[in-house]
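K.L.:
Here is my input, please return the structure:
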Amino acid sequence: MKHTILVLLAISLFFSCSSDDESNNVPTPDSINQTEWEHEESDRGYYIYFSVGNDMRISHPFYDVGSEEFYNEDIEGEFIYDKPNVILNFFGQCNNSGFVFSSCNVTGTINGSTLTINDNGTNYTFENMYPNE
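P.N.:
Residues are numbered from 1 along each chain as shown. Below you'll find the model as predicted:
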């Protein structure tokens, strides 16, 4: 009986791991132009849009003290993608309190449908919103 339980447990672990691997079975893209990436934190969304050429922007939640509400603020920038590495350079209000990163210039790597940005030892994980397009 113990042997049967161990075999069933091993089979269920194998299939649970296999299904996780299948969901991450997206190849790392050769280009990230016209893609959207999402990071959720504290029930708020952060979105990076890579446009045509090297233009990009991030939409991030910003707390307005006057209205006591959150709204999304867009910060423009440029990117360089050398598969799998990406360099992000933001312009404008990226030094203000409330910006998701501590600097206007950050780097990251893309693995499949996941963009990981390291900002002073903190990793931010963004998922490609439409990985099969």
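K.L.:
Quick check: chain neighbours aside, which residue is closest to Phe79?
P.N.:
In space, not counting the residues next to it along the chain, Phe79 is nearest to Met56; the distance is 4.7 Å by C-beta to C-beta, 6 or more residues apart in numbering. Where you see a C-beta, it was placed from the backbone N, CA and C, and this is true even at glycine.
K.L.:
Near the one you found, how many residues? Count them for me, please.
P.N.:
Neighbourhood size, Met56 [other C-beta atoms under 10 Å]: 23.
K.L.:
Pro61 too?
P.N.:
Residues lying near Pro61 (other C-beta under 10 Å) number 16.
K.L.:
ok, now Tyr130?
P.N.:
A count of nearby residues for Tyr130, using other C-beta under 10 Å, gives 10.
K.L.:
ditto for the one 3 residues further on
P.N.:
The local packing count at Glu133 equals 8, with neighbours defined by other C-beta under 10 Å.
K.L.:
do you know how far it is from Tyr46?
P.N.:
For Glu133, the distance to Tyr46 under the criterion C-beta to C-beta, to the nearest Å works out to 20 Å.
K.L.:
the strands in the protein, which residues?
P.N.:
Under the criterion DSSP state E, strands of the chain are mapped to 35-41, 44-50, 55-64, 69-82, 85-90, 105-111, 114-119, 122-128.
K.L.:
ok, what's across the strand from the residue nearest to Phe79?
P.N.:
Partner residues in beta bridges with Met56: Phe50, Gly77, with DSSP bridges as the criterion.
K.L.:
contacting residues for it?
P.N.:
By C-beta atoms under 8 Å, 6 or more residues apart in numbering, the contact list for Met56 reads Ile48, Tyr49, Phe50, Glu76, Gly77, Glu78, Phe79, Leu88.
K.L.:
Check Tyr46 too.
P.N.:
Under the criterion of C-beta under 8 Å, 6+ apart, the contact list for Tyr46 reads Glu38, His39, Glu40, Ile58, Ser59, His60, Pro61, Val100, Tyr124, Phe126.
K.L.:
Once you drop chain neighbours, what's closest to it?
P.N.:
On the basis of C-beta to C-beta, 6+ apart, the spatially nearest residue to Tyr46 that is not a chain neighbour turns out to be His39, at 4.4 Å.
K.L.:
With that, I have no additional questions.
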